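J.: Here is a sequence with its predicted model. Questions after.
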Amino acid sequence: MDPLILVALVIALALFFDFTNGFHDTANAMATPIATGALGPKTAVALAAVLNLIGAFLSTEVAKTISGGLIREGDGGVQIGPELILAGLIGAIVWNLVTWLLGLPSSSSHALFGGLIGASVVGAGFGVIDGGVLVSKILIPAVLAPVTAGVVSYLATKIAYAVTRKRERDGFKKGQIFTSSLVSLAHGTNDAQKTMGVITLALIAAGFQTVGSGPELWVIAACAIAIAAGTYSGGWRIIRTMGRGITDVEPAQGFAAEAATTATILASTHLGFALSTTQVASGSVIGTGIGRKGASVRWRTAGRIALGWLITIPAAGLVGAAAALLVQLGPGGIVAAVVLALVAITGIFLWSRRSHVDHRNLHQPEPGVFVRPKKRKARR
Amino acid sequence: MIDWMAFLTVFVAALVSACIAVTLFSLGLRLGDGTAAWRRPVSVLMFVLCAAAVVFGLYLIVGDHLLTLFGA
């Protein structure tokens, strides 16, 4: 196949992955402000989109390895060609859409890693996977992220409820706007980079860009627009799960959870121990549910989310591996893989129309509902 | 293998910073709800300190990037 067409396909799929990454992760920052009524749904996603767009342009460091060291790339390792990148992207996109359909906040980065691992294993065998990195960078942090954020959020919630009285707690809504904005900005600086890395690697692999060079301005702009457009489109199913499915969130809880998410993400980014934004945000919501007296956590939903995290890498890997088997057959196989991916994507979207969820059918509380005194029973 | 010291540092830093921010904001709300003359300025001070924490978070996100972009 003409390298230009192949690279164009990789770029198109990479941008679509970026789009799914955006709408998959809107909930990380905006689920709790929407759930408490601190921001209207459309305002929240518009704010998140703008901050993701700005964040994507602020990033200047692109990961040297798109797989974060999981796959032995470069000198002495496997050279991931555009065909395998294409297959890996198909795995990541399909799994991201499946988890979106189920309303599960799973990690888009893990889906990308899984897809690439599956494609690379088919392309070069199991030896290409660095097991140590898999355990230390993915599996253990996947357990530590929600636990850390959960503990921080639990204590923050306890403090918020201990210090304030009921009638004062509507004020937390204003604070939520700032903390959720920080999460959105941090997301933009981190996540758009992955797609920039994928596109740059494909351009280098096909000989359209020199080895060792960074992303072109048009790549940065395209990725920024794709993630912002994805963020603006909402991902309402996951917002519903995070905002209402795990626990009923009040403004004080929302502020505590967002503060915990922001603090954990910033600390992890700047102190050299990367944690998944999605897992941190989910852990914070669970922590705040445990932290408020009288609130309850729906452990069945939390269990479904944890199961989603557990199977994201293998599931995306299986789809990526199946796509890699096809793309290795030559140009016909590449076309078949792309067509099958389009069929799967269309099928998932059509299936989602059966139970449509958008900003109009998200439950939002009336203003003041959290601070309104309870009605006393009438005396007889 | 996993760097447990780095994880512990992240955990403590996240715990302390989140608790400080929530305490300051909560105190701002609590002290703003009263009639005594001293409460309002102290409440404003709490919000200002909390805002400073947000600005520091903003610096952590964009500070390095801005320094790189403007070559400082």
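T.: Yep, that arrived.
J.: residue ranges with poor pLDDT in the stretch 1-150 of chain A?
T.: A:59-69, A:72-79 (pLDDT under 70).
J.: Show me which residues of it are close to chain B?
T.: A:55, A:58, A:59, A:60, A:132, A:135, A:136, A:140, A:144, A:148, A:149 (Cβ under 8 Å from any Cβ of the partner chain). Backbone N, C-alpha and C define where each C-beta goes, glycine included.
J.: Just send those back as a markdown table, with neighbour count and secondary structure too.
T.: Below are the residues of the stretch 1-150 of chain A next to chain B laid out as a markdown table (neighbours: other Cβ atoms under 10 Å in any protein chain shown; DSSP: H, G, I helix; E, B strand; the rest coil):
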| residue | neighbour count | secondary structure |
| --- | --- | --- |
| A:55 | 25 | helix |
| A:58 | 19 | helix |
| A:59 | 21 | coil |
| A:60 | 15 | coil |
| A:132 | 12 | helix |
| A:135 | 13 | helix |
| A:136 | 15 | helix |
| A:140 | 15 | helix |
| A:144 | 21 | helix |
| A:148 | 28 | helix |
| A:149 | 32 | helix |
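J.: for chain B, what helix or strand is lowest in average pLDDT?
T.: Least confident helix or strand, chain B: helix B:39-69 with a mean of 83, by mean pLDDT, DSSP states H and E.
J.: Point out the other helices and strands that it packs with.
T.: helix A:41-58, helix A:172-205, helix A:251-270, helix B:4-32 (3 or more Cβ pairs under 8 Å, 6 or more residues apart in numbering or on different chains; DSSP states H and E).
J.: if you set the cut-off to 7 Å instead, what comes out?
T.: Packing partners of helix B:39-69 (3 or more Cβ pairs under 7 Å, 6 or more residues apart in numbering or on different chains; DSSP states H and E): helix A:172-205, helix A:251-270, helix B:4-32.
J.: Could you give me the buried positions within that helix?
T.: Using 16 or more other Cβ atoms under 10 Å in any protein chain shown as the test for burial, helix B:39-69 gives B:43, B:46-47, B:49-51, B:53-54, B:57-58, B:60-62, B:65.
J.: Could you point out which of these is nearest to chain A?
T.: residue B:65 (4.2 Å; Cβ to the nearest Cβ).
J.: list the contacts for residue 17?
T.: All of this is about chain A. Contact analysis of residue A:17 by Cβ atoms under 7 Å, 6 or more residues apart in numbering or on different chains lists A:89, A:92, A:93, A:112, A:195.
J.: The chain in question should be chain B.
T.: A:263, A:267.
J.: Same check on residue A:281?
T.: Neighbouring residues of residue A:281 by Cβ under 7 Å, 6+ apart: A:28, A:242, A:261.
J.: cool, and residue A:202?
T.: Going by Cβ under 7 Å, 6+ apart, residue A:202 touches A:7, A:10, A:11, A:82, A:85.
J.: same thing but at 8 Å, please
T.: By Cβ atoms under 8 Å, 6 or more residues apart in numbering or on different chains, the contact set of residue A:202 is A:7, A:10, A:11, A:14, A:82, A:85.
J.: what does residue A:89 give?
T.: A:10, A:13, A:14, A:17, A:112, A:115, A:198.
J.: Can you list the buried residues in the stretch of helix or strand it belongs to?
T.: For residue A:89, the enclosing helix or strand under DSSP states H and E is helix A:82-101. Across helix A:82-101, burial judged by 16+ other Cβ under 10 Å covers A:82-100.
J.: of all of the stretch 51-200 of chain A, which residue lies closest to chain B?
T.: Closest to chain B within the stretch 51-200 of chain A is residue A:163: 3.7 Å, counting by Cβ to the nearest Cβ.
J.: I'd assumed residue B:24 was in contact with that residue.
T.: No - in this structure, residue A:163 is not within contact of residue B:24 by Cβ atoms under 8 Å, at 9.8 Å.
J.: Excluding chain neighbours, what is closest to the most centrally placed residue in chain B?
T.: For chain B, the residue sitting closest to the mean C-alpha position, by Cα atoms, centre = their mean, is residue B:53 at 2.5 Å. In this structure, residue B:53 finds its nearest non-sequential neighbour in residue B:21, 4.8 Å apart by Cβ to Cβ, 6 or more residues apart in numbering or on different chains.
J.: about what we covered before: separate out the buried members of the contacts of residue A:89.
T.: A:10, A:13, A:14, A:17, A:112, A:115, A:198.
J.: Can you get me a residue count around the residue lying closest to residue A:263 once chain neighbours are set aside?
T.: Among residues not flanking residue A:263 along the chain, residue B:18 sits closest, at 3.8 Å (Cβ to Cβ, 6+ apart). Neighbour count for residue B:18, taken as other Cβ atoms under 10 Å in any protein chain shown: 30.
J.: Contacts only, for residue B:18.
T.: By Cβ under 8 Å, 6+ apart, the contact list for residue B:18 reads A:152, A:153, A:155, A:156, A:256, A:259, A:260, A:262, A:263, A:264.
J.: If I take the host helix or strand of residue A:155 and helix B:4-32, what angle do their directions form?
T.: Assigned by DSSP H and E, residue A:155 belongs to helix A:140-163. Relative orientation of helix A:140-163 and helix B:4-32, computed by axes from the mean of the first three to the mean of the last three Cα atoms, to 10 degrees: 20 degrees.
J.: so who does the residue lying closest to residue B:24 once chain neighbours are set aside touch?
T.: Counting by Cβ to Cβ, 6+ apart, residue B:24 lies nearest to residue B:50, which is 4.1 Å off, once chain neighbours are set aside. With contact taken as Cβ under 8 Å, 6+ apart, residue B:50 is in contact with A:175, B:21, B:24, B:25, B:28.
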